[in-house]
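**Student:** I'd like to go over a predicted model; first the sequence, then the structure.
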Number of protein chains: 2
Amino acid sequence: MKYRLYAPGPTPVPEEVLVEMAKPILHHRTPAFEKVVAEVREGLKWLFQTSQEVIIFAASGSGAMEASIINTFSKGDQALVVDGGKFGERWWKICKAYGIEYDVIKVEWGHAVNTGEIEKRLKEKTYRAVFVQASETSTGVAHPIKAIADIVKKFDQTLLIVDGITAVGVFPLPMDEWGIDVLVSGSQKALQLPPGLAFAAVSQKAWAFVEKSDLPKFYFSFKTEKKNLEANTTAWTPAVSLIQGLRVVLSNMKKEGLEAIFKRHAKMALAIREAAKSVGLKLFAPESPSDAVTAIYGPEGMDAGKIVKYLRDDLNMTIAGGQDAAKGQIFRIGHLGYYDAMDMITVWSGVEMALAKMGYKFERGKGVAKAMEVLG
Amino acid sequence: MKYRLYAPGPTPVPEEVLVEMAKPILHHRTPAFEKVVAEVREGLKWLFQTSQEVIIFAASGSGAMEASIINTFSKGDQALVVDGGKFGERWWKICKAYGIEYDVIKVEWGHAVNTGEIEKRLKEKTYRAVFVQASETSTGVAHPIKAIADIVKKFDQTLLIVDGITAVGVFPLPMDEWGIDVLVSGSQKALQLPPGLAFAAVSQKAWAFVEKSDLPKFYFSFKTEKKNLEANTTAWTPAVSLIQGLRVVLSNMKKEGLEAIFKRHAKMALAIREAAKSVGLKLFAPESPSDAVTAIYGPEGMDAGKIVKYLRDDLNMTIAGGQDAAKGQIFRIGHLGYYDAMDMITVWSGVEMALAKMGYKFERGKGVAKAMEVLG
C-alpha cells in the first residue's frame, strides 16, 4: 500500500523538489551557490512579507525558536509567554534553560488567547517580548496575531515574537504590515521540504535589541548570519541540498501566488472541519481554528488514538494523535504544504473507514460528500 | 562540462544515497522511522568506535562543536585550546561567546601541536577540557590525538574534546580505546552526505561533567538528545531525509570495512602528496599531514588562488584555496569521503593543467605518473 503522509509536519515533498535535492552536491563557497542563496533570500522575503532579512539556520524549528530568544534578550529582561499548547510550553522551557524570568498566560487547550489579558500584563510590567504561536500545532488553534500586534506595537520596549512554524505560507501573517518583530518558521511545513532548515525574520525594532543582547550565542547568532547572508552566503556550512530544494519550492509558491496559497489552505481546512461535523464529531478548537491543522475529538467514549493507529496499520497513512493531556482525546489532520482537494478527500475517507471499524454509528460517506461540496 | 567536487567538504554524495534521500518523506514519529534511527545509532557507534551513544543534531559541524563545550562546562571552568588553524580558532571563539576563560596553545599553521606543551599546561592549571582538531582542514595537519589522549587521561578533571569533522571515517580515531571524551563530526565529509547533520560521541568520563554542567542550553542539549535516542527517536524534528541517507552510507561503509576505508584514504592522500612533490611543489604540512586533505604551496612567486580559479572557471572543478593568512599561498585537495584512485588522478591532472597555464615550468604528466604509481 502506498505511504500517505497527512501529519501537520513533516509534510510531503513535491516530486520535483525531491529530484532537485537529489542532484549532485554543490560546494557552498562558489558563485553558483551564492546565486542560489540570493534567489532564496528574495523568495523568503516575499513569503514572510517583509523587507527585512530572513535568517536561515541548518536546524529544526525549535532551534530558530531558541535563536529568537537568545538574540533579542539581555540579562534581566523578562518574557511574557502565551502557553496554549505543547509549542507554547516550548517558549518558557527555553527561557527557563537560559535563566530568563517569564510570566505565562496559560490558555486552555483548544482556545485562543484573550488579547485583553496580554494588554493588561504589558501595562503592569515591562517585558522584552511577548511569545505566541500563530498556529498552535498541538491544538489546531490560530491565535489572533494581528490583534496582538496592534497591542504590542504600543510598547516601545516590547517585541512580538511569533512561532509561525505551521503558519507561514498557510494563512496571512504580513510581518511588516502587522508589526511582527520576529517570525519563525521551519522547512518541513508549508515550505514542502524535508526537516532541517529553520528561519527567523527579524524586524528593525527587534534588531535594535539584537545589537544590545548579551546572552551567550554562537551557532544561532542572528548578527553573524545576517552579515553573511548580505554577501549571499552563510556563516556555517549550510544544508546545501535543502537550500537548493527551497529555491524550487519558493519559485513554485510564487507562481501559485500568496493569495491562492492562503485560499487553498482555507478551503482544505474548512472541508475537513465540515466533514467532521457532518458525521457528528466535535472540533477541538471550534472558535479559532487554524487552517494548518484540524484537531478533532474522537467519538464520545472511544479512544481517538485508535483512528491514528488504524490509519497507520491498515492504510499506511500518517495523521497525528493528541499530545499530553489531549492524548486519546483527539486526532489531527494536517493541511499545510503540498496538499490539494483530493488529498483531503483521501484522508477523510480513511478516517471514515476507521470510524466504521471502531463501531461508531454514522452515515458512511456523509463526511466525504460534505468535503466534496466545500472543495468542489 | 561535468561538475567535479574535490573540496575538503562538502564532498560528493553517492548516487545511491541521493536516490535514497529522494524517496518520499517519512514521518519521524513512526515505527518505520524508529527502525531507521535504531540502525543509524548502531552504525554510528561502529564508525566512532565507541560503545557510547553518538548524539545526532540537525545542524552543521560548528553546532556540534558548540554543543561539546556548553554540555561539558560549568561556570568557572577553564579551557585549553590548541589553535593551529581556522578551526582551532573556532574553539576559543565559542568559549569567548559563552564567557568561558581559555588559554590558547598557538601552533604555527602547517604544524602539529607539541604534546609536551599540552602536558606542561595541564600540570600548571586545572582545565575542564583540552580542545583540538584531529584534522585541521585549513592547514591539512593531523594533530597527534593518541599521544594527546595518553596525556589527558592522566588528569581526572580534564576531558579531551576532539573535532573529528574531517577525520572520523578517514583515519583511525578509536574513541574508547584511546580515551577521547567528546568526538565531533559532520555529515558532509567522510560520511558522504549533504551538510545538515552533526554528531557528538560522548565518553563516560564526559557524561559525569555533562550531568553537572550549568551553562545554558536547549536545542543542543546532550542529555535531552540521549534520552530520546535511547528510545530510537530525537528530541526535535530530525533531518529525516539526511538520516535516511545516513542509514545507507553507514551500511555501505560497514561493507567496505574500517580498515579498508582508512587504507583507501591514506593511499589517495599519499598519491597527491607524492604527485605534488614530483613536480617541485612544496607541501604546507609535510611533517604531520592529514589523510583528509592535502594543502600544497603554489609555485614560488605565483598566486595559488589562480589554480583554484582555473579549475573552477575552465574545468568546473571545486578545490579549496587558502584561508586567512594562507590565502593565495596554498591550494587544498580533499580526499575524504566518496573518492577513489581515479578521482585523485583526475583532480591532479586538473592541477597540472592549471600549473601549465600559469607558466610554471615542470614536466607535464610527471605528477600524474607518480600518483598512478602510488595508487596502482
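**Tutor:** Noted; the coordinates are in hand. Numbering: from 1, shown residues only, chains lettered A, B, ... in the order given.

**Student:** my guess is A:Ala304 contacts A:Leu311, does it?
**Tutor:** No: with contact defined as C-beta atoms under 8 Å, A:Ala304 and A:Leu311 do not form a contacting pair (11.4 Å). All C-beta atoms are positioned from the backbone trio N, CA, C, and that covers glycine.

**Student:** can you map out the strands along chain A?
**Tutor:** A:4-5, A:54-58, A:78-83, A:101-106, A:129-133, A:135-136, A:141-142, A:159-163, A:182-186, A:197-202, A:293-297, A:317-318, A:320-321, A:330-334 (DSSP state E).

**Student:** Pick the most buried one from these.
**Tutor:** strand A:135-136 (a mean of 32; mean count of other C-beta atoms under 10 Å in any protein chain shown).

**Student:** what about A:Val182, distance to A:Ile55?
**Tutor:** 9 Å (C-beta to C-beta, to the nearest Å).

**Student:** list residues touching both of those two?
**Tutor:** A:Ala200, A:Ala201, A:Val202 (C-beta atoms under 8 Å, 6 or more residues apart in numbering or on different chains).

**Student:** would you turn these into JSON lines with pLDDT and distance to A:Leu80?
**Tutor:** Converted to JSON lines, the shared contacts of A:Val182 and A:Ile55 look like this (pLDDT from 0 to 100; distance: C-beta to C-beta, whole Å):
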{"residue": "A:Ala200", "pLDDT": "98", "distance to A:Leu80": "19"}
{"residue": "A:Ala201", "pLDDT": "98", "distance to A:Leu80": "21"}
{"residue": "A:Val202", "pLDDT": "98", "distance to A:Leu80": "19"}
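
**Student:** ok, now which ones touch the residue in the stretch 251-376 of chain A that chain B sits nearest to?
**Tutor:** Proximity to chain B, evaluated over the stretch 251-376 of chain A using C-beta to the nearest C-beta, is greatest for A:Thr318 at 4.3 Å. A:Thr318 makes contact with A:Tyr3, A:Arg4, A:Leu5, A:Tyr6, A:Ala7, A:Leu311, A:Arg312, B:His27, B:Thr30, according to C-beta under 8 Å, 6+ apart.

**Student:** Between the residues you listed, which sits nearest A:Ala325?
**Tutor:** For the contacts of A:Thr318, the closest approach to A:Ala325 (C-beta to C-beta) belongs to A:Ala7, at 19.5 Å.

**Student:** Can you report how many residues lie near that closest one?
**Tutor:** 24 (other C-beta atoms under 10 Å in any protein chain shown).

**Student:** same check, this time on the one 10 residues further on
**Tutor:** By the measure other C-beta under 10 Å, the count of residues near A:Val17 is 24.

**Student:** Retrieve the pLDDT associated with it.
**Tutor:** According to the predicted model, the pLDDT of A:Val17 comes to 97.

**Student:** Flag every buried residue along stretch A:246-258.
**Tutor:** By neighbour count on 16 or more other C-beta atoms under 10 Å in any protein chain shown, the buried set for stretch A:246-258 is A:Leu246, A:Arg247, A:Val248, A:Val249, A:Leu250, A:Met253.

**Student:** isn't the third one right up against A:Glu15?
**Tutor:** No: with contacts counted by C-beta under 8 Å, A:Val248 stays clear of A:Glu15, the gap being 11.0 Å.

**Student:** I'd like to know the average pLDDT value across stretch A:361-376.
**Tutor:** Stretch A:361-376 comes out at a mean pLDDT of 97.

**Student:** Show which residues not belonging to that stretch make contact with it.
**Tutor:** A:267-268, A:270-272, A:274-280, A:341, A:344-345, A:348-349, A:351-352, A:355-356.

**Student:** still on that earlier bit, which of the contacts of A:Thr318 fall in helices?
**Tutor:** A:Leu311, A:Arg312 (DSSP state H).

**Student:** Mind picking the one among the contacts of A:Thr318 that's closest to A:Ile100?
**Tutor:** A:Ala7 (31.2 Å).

**Student:** Am I right that the closest one is in contact with A:Ile319?
**Tutor:** Yes: when contacts are counted by C-beta under 8 Å, A:Ala7 is listed as touching A:Ile319 (6.1 Å).

**Student:** Domains of chain A: list them as residue ranges, please.
**Tutor:** A:15-256, A:257-375 (automatic domain parsing).

**Student:** If we look just around chain B, which residues of the stretch 151-300 of chain A are in range?
**Tutor:** Contact residues (C-beta under 8 Å from any C-beta of the partner chain) of the stretch 151-300 of chain A with chain B: A:186, A:188, A:194-196, A:215-221, A:236-242.

**Student:** Fine, thanks again, bye for now.
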